[in-house]
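Participant: Pasting the sequence and the predicted coordinates here, then a few questions.
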Amino acid sequence: MDDKIFNFGDLVKLSPYGEAVFENNPVGRRFLGKNGIIVSEIREKINMVGYNVKFAEEDIVFLGIDEIMRIREG
């Protein structure tokens, strides 16, 4: 299975790349260490391919496919 393909309801977190991108961003830093859920089909926005992700107590955000990774179960 391709690790960049996600489905509605998949649990995700920031990838190491996503953490590096957001660690110095005051808004993005709120997502560090949190789990989110995919709430859209894959789409393109501002020349980037990604998904809408919902983190607890946060608004829905668009994140690129390289900025997120699936949380493995088991």
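Facilitator: Happy to help now that I have it.

Participant: Export only the CA atoms of the biggest strand by length in the chain, formatted as PDB.
Facilitator: The single longest strand within the chain, with elements called by DSSP state E, is strand 48-55. Provided in PDB are the C-alpha atoms of strand 48-55 (Å, rounded to 0.1, in the frame of the first residue of the first chain):
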ATOM      1  CA  MET A  48       0.200  21.300  -3.400                       C
ATOM      2  CA  VAL A  49      -1.500  17.900  -3.200                       C
ATOM      3  CA  GLY A  50      -2.900  16.900   0.200                       C
ATOM      4  CA  TYR A  51      -5.800  16.400   2.500                       C
ATOM      5  CA  ASN A  52      -8.000  18.300   4.900                       C
ATOM      6  CA  VAL A  53      -7.100  17.200   8.400                       C
ATOM      7  CA  LYS A  54      -9.000  17.700  11.700                       C
ATOM      8  CA  PHE A  55      -7.100  17.900  14.900                       C
END
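
Participant: partners of it, with directions?
Facilitator: strand 36-38 (antiparallel), strand 43-45 (antiparallel), strand 61-64 (antiparallel) (DSSP bridges).

Participant: among these, which is nearest Ile71?
Facilitator: strand 36-38 (9.2 Å; Cβ to Cβ). All C-beta spots, glycine's among them, are computed from the backbone N, C-alpha and C.

Participant: Sketch out the low-pLDDT regions of this structure for me.
Facilitator: 1-4, 73-74 (pLDDT under 70).

Participant: ranges for the helices of it?
Facilitator: 16-22 (DSSP state H).

Participant: most packed of the strands paired with strand 48-55?
Facilitator: Stretch with highest mean neighbour count among the strands paired with strand 48-55: strand 36-38 (a mean of 21; mean count of other Cβ atoms under 10 Å).

Participant: roughly how far is that strand from the heart of the chain?
Facilitator: 7 Å (Cα atoms, centre = their mean, to the nearest Å).

Participant: Need the residues that contact that strand.
Facilitator: Strand 36-38 is contacted from outside by 6-13, 51-56, 68, using Cβ atoms under 8 Å, 6 or more residues apart in numbering.

Participant: I'm done for today, thanks for sticking with me.
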